[in-house]
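*Asks:* I would like the atomic coordinates for the input below:
(one chain, ligands or ions: 1)
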Amino acid sequence: MLIDNGLEKVVAAETRLSHVDGLAGELIIGGYRLDELVADRTFEEVAGLLLASYADTPADIRSAIGKARARVFTRTSNLLPQLADMPLFDAMRTALSTLPDGNDINAALDLVAAPGTLLAQLIRQSSGKKLIDPDPALGHAEDMLCMAGLNTSAEAIAGLNTYLISVIDHGLNASTFTARVVASTDAGLVSSVTAALGALKGPLHGGAPGPVLDMLDAVGTPDNARAWIDNELAAGRRLMGFGHRIYRVRDPRADALKSALNGLRSDRLELAAAVEREALAALAIHKPERKLETNVEYYTAVLLEALGFPRDTFTAVFASGRTAGWVAHALEQAATGRLIRPQSHYTGPLPQRAA
Ligand SMILES: CC(C)(COP(=O)(O)OP(=O)(O)OC[C@H]1O[C@@H](n2cnc3c(N)ncnc32)[C@H](O)[C@@H]1OP(=O)(O)O)[C@@H](O)C(=O)NCCC(=O)NCCS
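*Replies:* Presented below is the predicted three-dimensional model:
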């Protein structure tokens, strides 16, 4: 029996949705390279592209997702005050899990709209401000910024749109696999997405960008970078925002996000570039046999901070993009009609045989 604890060598699904080429550093989503998509598509268009393989998507996807934001707001706004004591990500997951479960297009659209809507309302609530109703006529990125009360300049809207597209889907990562496992039991899309949110939260997956900023805070100034990094590596700690299970070259999303910072004010950019340079040099010496390059979370942290999102909301912003991918994967898995049920190898004690 072959045992592969991290399932690295296991191909557990066929997908039309996205392809990650870890050696070439290329990400293909729905037949397009990431750089083509971020150049001239909206988040809603790319979400529609993914869903269209497995659902009857409405012709006007922007307006359909806008109406879904309004539905989610109506269903959840009374619940949010009861979740005020929870960490924001957990409150978002809890509110999302109350949406009606199902496998139809309305459940799919509500889920695509839900994390961005809930996140924005929870940001308002946590700072004691009045909630702002969604505006279904706006694009999703613009309305997320409006509802959260953040900067809605053209550069900020474009920056968030680029971010949401960059993280929308990424092969069979841990949270997408989780969504597919739940979908394979025919539990429904809301259950799949709720489970995927749990998987995303961990610092080895979607929880890394907050700690990236903690790292930049701790480094403080560019000339302190190398000593700080060497000390961390010598202590056996990992540098957040570096390394990836699949990529052996630079994550293409890191470049898309770095470009999205053009035109946005960020006090971090110079420090971030210096720390990145020193980290890559130090990692090459520390782990010469393993190529450890910049991953998506590094510039996510710098971009989301420049957009005004509080540090503890970064994983929820990630979910606001990735949910469209989870929903499409859940529909794709459900279409196979095959339950995912691997085997385990028992290493516990055996029962005593009767004499
Ligand atoms: C993303 C990540 C979990 C991928 O890990 P993985 O494919 O399971 O790789 P492994 O955990 O097997 O690591 C291989 C080796 O590289 C080292 N390594 C991996 N990422 C590292 C990092 N960011 N900093 C320092 N060392 C790192 C490991 O310590 C390990 O060394 P060892 O063989 O001496 O034990 C890992 O690179 C990581 O923890 N990165 C930091 C967190 C992060 O940025 N997460 C966001 C991912 S998008």
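*Asks:* what are the ranges of the strands in the protein?
*Replies:* Assigned by DSSP state E, the strands in the chain fall at 18-21, 26-29, 32-33.
*Asks:* Contact partners for Glu293?
*Replies:* 242-244, 247-251, 280 (Cβ atoms under 8 Å, 6 or more residues apart in numbering). In short, each C-beta sits where N, CA and C put it, glycine included.
*Asks:* right, and out of those, which lies closest to Val112?
*Replies:* Val112 lies nearest to Asp251 out of these, by Cβ to Cβ, at 23.8 Å.
*Asks:* okay, the closest one: pLDDT?
*Replies:* For Asp251, the model assigns a pLDDT of 92.
*Asks:* correct me, but it touches His244?
*Replies:* Yes: proximity of Asp251 to His244 meets the contact threshold set by Cβ atoms under 8 Å, at 6.1 Å.
*Asks:* Pull the number of nearby residues for Pro87.
*Replies:* 16 (other Cβ atoms under 10 Å).
*Asks:* How about the contacts made by the nearest residue to it once chain neighbours are set aside?
*Replies:* Take Pro87 and drop its neighbours on the chain: the residue closest to it by Cβ to Cβ, 6 or more residues apart in numbering is Asp312, 7.0 Å away. Residues in contact with Asp312 (Cβ under 8 Å, 6+ apart) are 87-89, 210.
*Asks:* Looking at those, which are in helices?
*Replies:* 88-89, 210 (DSSP state H).
*Asks:* Which one of those residues sits in the busiest neighbourhood?
*Replies:* Phe89 (24 neighbours).
*Asks:* Relative to Phe73, how far out is the residue nearest to the spatial centre of the chain?
*Replies:* Nearest to the mean C-alpha position of the chain, by Cα atoms, centre = their mean, lies Phe318 at 3.3 Å. Using Cβ to Cβ, to the nearest Å, Phe318 is found at 21 Å from Phe73.
*Asks:* okay, now the closest residue to the ligand within the stretch 201-350 of the chain: neighbour count?
*Replies:* Proximity of the stretch 201-350 of the chain to the ligand (Cβ to the nearest ligand atom) peaks at Gly243, 2.2 Å away. Neighbour count of Gly243, defined by other Cβ under 10 Å: 19.
*Asks:* That one against Thr294, yeah?
*Replies:* No: the pair Gly243 / Thr294 is not scored as a contact, 9.2 Å apart, by Cβ under 8 Å.
*Asks:* Spell out which parts of the stretch 101-250 of the chain neighbour the ligand.
*Replies:* 204, 208, 238-245 (Cβ under 6 Å from any ligand atom).
*Asks:* would you list these in a markdown table and tack on pLDDT?
*Replies:* Formatted as a markdown table, these follow (pLDDT from 0 to 100):
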| residue | pLDDT |
| --- | --- |
| Leu204 | 85 |
| Ala208 | 74 |
| Arg238 | 94 |
| Leu239 | 95 |
| Met240 | 91 |
| Gly241 | 92 |
| Phe242 | 94 |
| Gly243 | 93 |
| His244 | 90 |
| Arg245 | 86 |
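*Asks:* Report the buried members of those.
*Replies:* 208, 239-244 (16 or more other Cβ atoms under 10 Å).
*Asks:* Just the buried positions in stretch 196-207, please.
*Replies:* Across stretch 196-207, burial judged by 16+ other Cβ under 10 Å covers 196-197, 199-201, 205-207.
*Asks:* Show me where the stretch 201-350 of the chain has its helices.
*Replies:* 209-219, 225-234, 252-260, 269-286, 296-307, 314-336 (DSSP state H, counting those that start in this stretch).
*Asks:* Now do the phi/psi pair for the residue of the stretch 201-350 of the chain closest to the ligand.
*Replies:* Torsion angles at Gly243 (phi, psi; degrees, to the nearest 10) stand at phi 90, psi 150.
*Asks:* Can you give me the distance of it to Ile285?
*Replies:* For Gly243, the distance to Ile285 - Cβ to Cβ - is 15 Å.
*Asks:* Also Arg93?
*Replies:* On the measure of Cβ to Cβ, Arg93 and Ile285 end up 40 Å apart.
*Asks:* and if you look at Asn173?
*Replies:* Separation of Asn173 from Ile285 (Cβ to Cβ) stands at 29 Å.
*Asks:* elements contacting the lowest-mean-pLDDT helix or strand in the chain?
*Replies:* Of all the helices and strands that make up the chain, helix 209-219 has the lowest average by mean pLDDT, DSSP states H and E, namely a mean of 91. With contacts defined as 3 or more Cβ pairs under 8 Å, 6 or more residues apart in numbering; DSSP states H and E, the packing partners of helix 209-219 are helix 225-234, helix 269-286, helix 296-307, helix 314-336.
*Asks:* nearest to Ser18, of those?
*Replies:* Nearest to Ser18, of these and by Cβ to Cβ, is helix 314-336 at 7.1 Å.
*Asks:* just checking, what packs against the closest one?
*Replies:* helix 43-51, helix 88-96, helix 105-126, helix 154-166, helix 174-184, helix 189-200, helix 209-219, helix 296-307.
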